[in-house]
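Chemist: A predicted structure for the sequence below; I have some questions about it.
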Amino acid sequence: MTDCIFCKIISGSIPAEILYENDKALAVLDINPIHYGHALILPKQHCTDFLSLPEESYQSVLQAAKVVTQALVDSLKLEGFNLFSNNGTIAGQSVFHFHLHITPRYRDDDIRFVLNLQKYSDGDLKRYGTMIRKFINPSAL
C-alpha cells in the first residue's frame, strides 16, 4: 500500500531502527514509545488487522515477537513486558497495518490498565459459550 507508513518502513523507503527480520516479519523500535525499547512486530504483507493477517504469516510474526521480547528482557533487564495489538479504531488502532506492540514494563512505571471486570449471571457463561461456538469453523482450527 503506497500510503501505509509501515509498508514504507518494510520497503525501506523511510528509515526505521530495525531490530530483527525474518521471511515474513520485521521488528522495529516504536518512534513514540511508551517506554524506551518499545518495539513493533510488523508482518511484511499488508493487512489491516489481526483477522486479516494471512495464515502463512502467523508463525513468523510470533517467532519475531519471541526473539525480540527475549532480547528486550535480556538487554534491559526487564521483570515484565506487555504484548498487545489494537484492532479497530474503538480499540485504539491508529495505523491500519496489523502490528504487535512489545512494551517494557518497570516497577512503579504508573501504567495501569483500568478494567471494570464483569460477572456472568446464572446461565450466562454457558449461553455465551454456546453462542460463540456456533461461529467457530472447525476446519479453521
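Modeler: Received, thanks.

Chemist: What pLDDT is listed against the residue positioned nearest the centre of the chain?
Modeler: Nearest to the geometric centre of the chain sits Leu100, at 1.9 Å (CA atoms, centre = their mean). Note for Leu100: predicted pLDDT of 98.

Chemist: Helix or strand for the nearest residue to it once chain neighbours are set aside, just tell me which one.
Modeler: Excluding its sequence neighbours, the residue lying closest to Leu100 (CB to CB, 6 or more residues apart in numbering) is Ile41, at 4.2 Å. From N, CA and C alone the C-beta is placed, and that goes for glycine too. Mapping Ile41 onto the secondary structure by DSSP states H and E places it in strand 39-43.

Chemist: so for that strand, what's the average pLDDT?
Modeler: pLDDT averaged over strand 39-43 gives 98.

Chemist: re the thing from before, residues in contact with the residue nearest to Leu100?
Modeler: By CB atoms under 8 Å, 6 or more residues apart in numbering, the residues touching Ile41 are 25-27, 61, 64-65, 68, 99-100, 102.

Chemist: show me where this protein has strands.
Modeler: For the chain, the strands defined by DSSP state E occupy 18-21, 25-29, 39-43, 80-84, 100-105.

Chemist: Quick check: closest non-adjacent residue to Arg107.
Modeler: Using CB to CB, 6+ apart, the closest residue to Arg107 is Glu79 (6.7 Å).

Chemist: The one you found contacts Tyr106, doesn't it?
Modeler: Yes. Look at Glu79 against Tyr106 with CB atoms under 8 Å: they come within range, at 7.5 Å.

Chemist: Which of the two has more residues huddled nearby?
Modeler: Tyr106 (14 against 10; other CB atoms under 10 Å).

Chemist: shaky segments in the chain?
Modeler: 1, 138-141 (pLDDT under 70).

Chemist: longest helix in it, by residue count?
Modeler: helix 58-76 (DSSP state H).

Chemist: So for it, what gets flagged as buried?
Modeler: Residues of helix 58-76 classed as buried: 60-61, 63-65, 67-69, 71-73 (neighbour count, 16 or more other CB atoms under 10 Å).
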